[in-house]
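> Sequence below, structure please.
(one chain, ligands or ions: 1)
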Amino acid sequence: MADGAPTRAQRSSKKTKRKRSRDGPEIERLDWLPWARSLPGGGDGDGDGSAFSLFIGSNELEGGFLSLEEIDESEYGLDIPKAVKQESGKAKKSKKNKDGNVRDSVDHGVEAEIASNLEEEEEEEEEEEEQQQQENVMTERKKKKKKKKQKKETKNVDELPAVDDAEVDHVDDAEFYAWNDLRLHPLIMKTIQRLGFKEPTPIQKACVPAAAHRGKDVIGAAETGSGKTLAFGLPILQRLLEEREKSTTMLEEKGEEVEKYAPKGVLRALIITPTRELALQVTDHLKEFAKDARIRVVPIVGGMSTEKQERLLEARPEIVVGTPGRLWELMSGGEIHLVELHSLSFFVLDEADRMIEDGHFRELQSIIDMLPITNSSVEETPQSMQSCVTIANIQRKKRQTFVFSATIALSADFRKKLKRGIARSKQSTSGGLNSIETLSERAGMREDAAIIDLTNSSILANKLEESFIECMEKDKDAHLYYILSLHGLGRMIVFCTSIAALRHISSILRILGIHVWTLHAQMQQRARLKAIDHFRGSEHGVLVATDVAARGIDIPGIRTVVHYQLPHSAEVYVHRSGRTARASSDGCSIALISSDETSKFASLCRSFSKDSFQRFPLENSYMPEIMKRLSLARQIGEISRKDSQEKAQKSWLERNAEALQLDVEKYDSEEERVNAHKKRKASSNKLKQLQQDLKNLLSRPLQPKTFSHRFLAGAGVSPLLQHQFEQIAKQKSEEGMQSSGNGKGKLVVIGQDCVEPLQALRNAGDETRVDVKETADKRKGIETRKRERKAEKKRLHDQRRKQRKKLRGNGD
Ligand SMILES: Nc1ncnc2c1ncn2[C@@H]1O[C@H](COP(=O)(O)OP(=O)(O)OP(=O)(O)O)[C@@H](O)[C@H]1O
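Below is the predicted model of the structure:
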């Protein structure tokens, strides 16, 4: 039909287009857009490039791509001439209903009776009328569009809740006006309202226009907890919704059934995160938004049933969030949904700098190698592909690549590199993924990517207050217990670098009656998730974790992060500390620094351009009591550990002997047997005694050295202490009831103000601020002097020895 003689409608369409290109500023705006050539009437667009042929081209499965701007002209203020609707049966019908008689009188051979000059005039008149009618229809359609959108979208998606149009209509609540500039889809706005996000965060403000409306690739860096997930998530959802809407409208205009043409679920966005927990969290976050839009988001992570994940993929979700290992396992196994990547429109690397750490994510390279090579620019799109707009082509647009992290800018000279743009070199494409540039480039990032770096020079979250406690390595446990006992309000994460340290500290704390959850990479995935769930559900919970929990985990109410051991890099320090002070909340971090770690800590501070840190205020009068408890806990721990080691060894011996059908001779003699029994008994008694002693200590609040039994003075009351107070109060009141109630022994509790660590830091004021470099230099100086003194002592000692030897020699 496109090749045939132009109909009136086509002529009218051309006229309209010419008229607009003369008069309207909009079409000029389109001309300079990079994708303008693909727009109806864009480029040099005469003839074949007319709007009409674009919509009804016979080769509709080839064709160019649509720009985001083109998708909803009314929203973007671009009044682009639409395809001529009378070609679609449905549109034709609707027109007939509206202007029925006028059209009929023309169409039914009146021309034969009218003079040829009149005929021409009438034809022109008719064209004008038709144009007018088209415009009316367009206006009418635009008005109804919003409501229609929702109904149309429901057509091809099963199992998902219905959309409440009424709710959607209320999205432009004045409270949320700050979002208006981002021009987000009403369904997205509905969720934003539901979640109560009053305004976009700075990274969202910067990313959404670039990624969603200008189709840019993005390298994004912003502080921890600043909403980066939605900064890349919203553009994805926006584009998927716009495309769905566009294809529905298009099919409706053609009078076709949506179900007949709308493509079955294909993978549109692949989001990769370094940890399983983060992948699950990103999935949940995006699901919140996707459920109203009826877009499916599925997590694919290790440690969980592969079969179940394969079943999830059978539903053909549009968005997959996963970790490299499991994703590659399924891809290399030929999982159909994951290998059909031709329609992939978004490739996202969250926490990208973690992905390039040595040898950690080899699978990522394989995944990236699977991605189809994309055209880097519109110009490379074959002419034939530009001339036809179809549903398949709507999705065939250039894949966008997003690379995000809070600490990209920390990597060596990256800021400088960012300023220069993404350098391309032959070397970078051939080697491993050892830099963000290589990673981005291999993933198909375009040179004109938007680089959005909102991190400040310190990289750390704005509302984070940092502090440190300097102590001996062996006293770290005591200081941790101090923090938990006196300032244990709010959720707290204690980070360890090694699993051994994690096991040690969690066991000690449990013996001391503080229940903690643990999280490390050697745990079963189910246990890992359970730990996070419990921690999330407990208002004053304590999670002892390795760096597997350092990145991305978003749990509201984490008030404190303790670095029990310093991390190996500044990046990890930033991410660990970033588990608190997220979104608009504040929080504090406390680093426990042994004397060996001071210079490491000083260089860490230098990475954040920080000269001074606050020393966490300590009330030393509590320390004797803390040490007493700790000593008991350590002894209990030691005996229990030995005990369970012995048991494990014994059962190993017995198992092996049984397997070999041997009898194990446990003791050589009766005496040995008796001694072993005595030893066990003594150890068990000792354990019981220690447990009892500790129980007694724990049954009363932690007391400062100057403790008066009449006043429970305190630097504050943590939940643990509070619980202890309550127990004592109960005990005392029972005792009081039993005695005649003479008032003696009445408990008075003072100092019950809120003293969570952040508060303690603030109360301490700036006097505790110390120049970390100076402290490190001082310590270095002391150590150098110590070494020198030692060397001098040795020298003198040697000298004296030599003299004595000499004297002895002379004497002989
Ligand atoms: N516009 C907003 N207004 C209020 N809260 C928001 C907004 N956007 C996101 N949030 C919330 O802020 C929290 C942090 O978001 P998110 O996890 O995306 O941060 P992030 O920058 O990715 O952090 P990290 O670098 O630690 O991974 C989440 O709980 C999220 O729901």
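> the domain parsing of this protein - what is it?
Following the TED database, the chain resolves into domains at 173-251+264-372+397-419+433-453, 464-614, 770-806.
> what about Lys786, how many neighbours?
By other C-beta atoms under 10 Å, the residues close to Lys786 number 10. From N, CA and C alone the C-beta is placed, and that goes for glycine too.
> name the element it belongs to?
Mapping Lys786 onto the secondary structure by DSSP states H and E places it in helix 772-811.
> tell me which residues of that helix are tucked away?
By neighbour count on 16 or more other C-beta atoms under 10 Å, the buried set for helix 772-811 is 772-773, 775-776, 779.
> what's the answer for stretch 691-700, then?
Of all the residues in stretch 691-700, those buried under the rule 16+ other C-beta under 10 Å are 691, 693-694, 697-698, 700.
> Would you report which members of those residues are assigned to helices?
Filtering the buried residues of stretch 691-700 for membership in helices, criterion DSSP state H, returns 691, 693-694, 697-698.
> just those residues now: which is nearest the ligand?
Ranked by distance to the ligand (C-beta to the nearest ligand atom), those are led by Leu698 at 35.8 Å.
> burial count for the residue nearest to that closest one when sequence neighbours are not counted?
Counting by C-beta to C-beta, 6 or more residues apart in numbering, Gly513 is the residue found nearest to Leu698 once chain neighbours are left out, at 5.2 Å. By the criterion of other C-beta under 10 Å, Gly513 has 17 neighbours.
> got a list of what Trp328 touches?
By C-beta atoms under 8 Å, 6 or more residues apart in numbering, the contact set of Trp328 is 363-364, 366-367.
> from these, which two are the most distant?
Using C-beta to C-beta, these span at most 7.3 Å, a distance reached by Leu364 and Ser366.
> Give me the more crowded residue out of the two.
Between Leu364 and Ser366, Leu364 has the larger neighbour count (other C-beta under 10 Å), namely 24 against 14.
> The more buried one reaches Met355, doesn't it?
Yes: using C-beta atoms under 8 Å, Leu364 makes contact with Met355 at a distance of 5.6 Å.
> looking at it, His398 is touching Gly215, isn't it?
Actually, residue 398 is Lys. It isn't His. Yes: look at Lys398 against Gly215 with C-beta under 8 Å: they come within range, at 7.0 Å.
> in the stretch 501-650 of the chain, which spans are helices?
Ranges of helices in the stretch 501-650 of the chain, per DSSP state H, counting those that start in this stretch, are 525-537, 570-577, 598-607, 623-659.
> possible to save the ones you listed as JSON lines with distance to the ligand, mean pLDDT and mean neighbour count?
Listed next are the helices of the stretch 501-650 of the chain as JSON lines, based on distance: least, C-beta to the nearest ligand atom, whole Å; pLDDT from 0 to 100; neighbours: other C-beta atoms under 10 Å:
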{"stretch": "helix 525-537", "distance to the ligand": "12", "mean pLDDT": "93", "mean neighbour count": "16"}
{"stretch": "helix 570-577", "distance to the ligand": "6", "mean pLDDT": "92", "mean neighbour count": "24"}
{"stretch": "helix 598-607", "distance to the ligand": "17", "mean pLDDT": "84", "mean neighbour count": "19"}
{"stretch": "helix 623-659", "distance to the ligand": "33", "mean pLDDT": "85", "mean neighbour count": "14"}
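> do you know which of those lies nearest Lys287?
Short answer: helix 525-537, nearest of the helices of the stretch 501-650 of the chain by C-beta to C-beta, at 16.0 Å.
> Which strands or helices does the closest one pack on?
helix 276-293, strand 517-519, strand 542-545 (3 or more C-beta pairs under 8 Å, 6 or more residues apart in numbering; DSSP states H and E).
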